[in-house]
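*Asks:* Need coordinates for the following:
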Amino acid sequence: MQSRYSRQEILQNIGEKGQKKLQDSSVAIVGCGALGTVAANNLTRAGVGKISIIDRDFVELNNLQRQMLFDENDVGTPKAVAAAEKIVAINSEIDVYPVIKDVNYTNIEELLTRADLVIDGTDNIQTRMLINDVCVKNRIPWIYTGAIGTSGMSMNILPDKACIRCLYPGVPKAGSLPTCDTMGVLNTITVIMGSIETTEAIKILLGFYDKNEATNSNLIVYDTWNHSFDSIVVKKNEKCECCGHENYEFLDSEEQEIITSLCGRNAIQITPADPKELSLRSIGEKLEKLGTVMCTDFIMLFKNDETEISLFRDGRAIIKGTNDEIVARTIYARYIGT
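*Replies:* The predicted model follows:
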């Protein structure tokens, strides 16, 4: 009987030794949306031994158009949990770790520094800058990837090479960049860019970037509608704040409570300064007289005429129906507490 990875092992690029390297590797996927689900699926089938799936959100119906691991039965389930369940069914030989957390400056080093490689499946530039800080500081390779409309881009961020701050010296302001919610996205581009990202991940895990073969830090830009493909050389900037001056300003934040506007969703996420494990069912019981409550082991959903709240066990909440931080704070304090 042929092994699970027989078609991969006969590839000259991989072989049995390469397959063993993949099985001994650890990857952290930050964000399990369109790109993250493709990467998780591909890496699972390729036999990467340890995969951490880190995501703060839960599956919604509109995700199913492009987020390939999910189906209608997953709606309302945390993405990290739903993805982990699918992955275990695909390949029970690997270790999968679902993490339902918002990645921020208080927890990102703990979440990422044990990984051999970090995969970008996020949807905002601020989180990518945080990933960049941690990975450059700890010399962990990571892959920046994004997709919107019918086009996408990807770039390997390798030790001693250009980092994302070399590409974007000035960080775009929140809300200044288009999002999938405002511009839309074709599901084929997310599959293509997720597959490009996964191919680069396999090459990096096999050590090709150490050998300076086949892997580089060029920015790859592809438009699936027009079939245009460009590879842009990104040179390391010796004056770069991050990889040049070792100034990790996103990681070294002194903020306390973290307020995040969720692009295109008319929602605010609030992460408490001192996250504590909450009893979701106890809170839900108190809120039942004020509106509709649905509660699982991972999330409590509360809705009334005024607002809609998604509360997670660590105290993090998504307040829907407003983009005003003050209003969101008030709602959080009113229904959840300070």
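*Asks:* Can I get stretch 52-60 as PDB, trimmed to CA atoms?
*Replies:* Presented in PDB, the C-alpha positions along stretch 52-60 are these (Å, rounded to 0.1, in the frame of the first residue of the first chain):
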ATOM      1  CA  SER A  52      -1.600  26.400  14.800                       C
ATOM      2  CA  ILE A  53      -4.700  28.200  13.500                       C
ATOM      3  CA  ILE A  54      -5.200  31.500  15.100                       C
ATOM      4  CA  ASP A  55      -8.400  33.500  14.500                       C
ATOM      5  CA  ARG A  56     -10.500  35.800  16.500                       C
ATOM      6  CA  ASP A  57     -13.800  35.500  14.600                       C
ATOM      7  CA  PHE A  58     -16.600  33.000  13.900                       C
ATOM      8  CA  VAL A  59     -18.000  31.700  10.600                       C
ATOM      9  CA  GLU A  60     -20.700  33.800   8.900                       C
END
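*Asks:* So which bits of that stretch are buried?
*Replies:* Ser52, Ile53, Ile54, Asp55, Arg56, Asp57, Phe58, Val59 (16 or more other C-beta atoms under 10 Å). Using the backbone N, CA and C atoms, a C-beta is placed for each residue, glycine as well.
*Asks:* Show the end-to-end separation of stretch 272-290, please.
*Replies:* Distance across stretch 272-290, first residue to last, is 23 Å (C-alpha to C-alpha, to the nearest Å).
*Asks:* Can you report how many residues neighbour Ile100?
*Replies:* Residues near Ile100, counting by other C-beta atoms under 10 Å, number 20.
*Asks:* does it really touch Asp297, like I thought?
*Replies:* No. Judged on C-beta atoms under 8 Å, Ile100 makes no contact with Asp297 at a distance of 10.3 Å.
*Asks:* How many neighbouring residues does Leu64 have?
*Replies:* With other C-beta under 10 Å as criterion, Leu64 counts 15.
*Asks:* Quick check: it is in a strand.
*Replies:* No. According to DSSP: H, G, I helix; E, B strand; the rest coil, Leu64 belongs to no strand; its state is helix.
*Asks:* how about the nearest residue to it, chain neighbours excluded?
*Replies:* Phe70 (5.9 Å; C-beta to C-beta, 6 or more residues apart in numbering).
*Asks:* next one: Ser25
*Replies:* By the measure of C-beta to C-beta, 6+ apart, the closest residue to Ser25 outside its immediate chain neighbours is Leu205, 4.6 Å from it.
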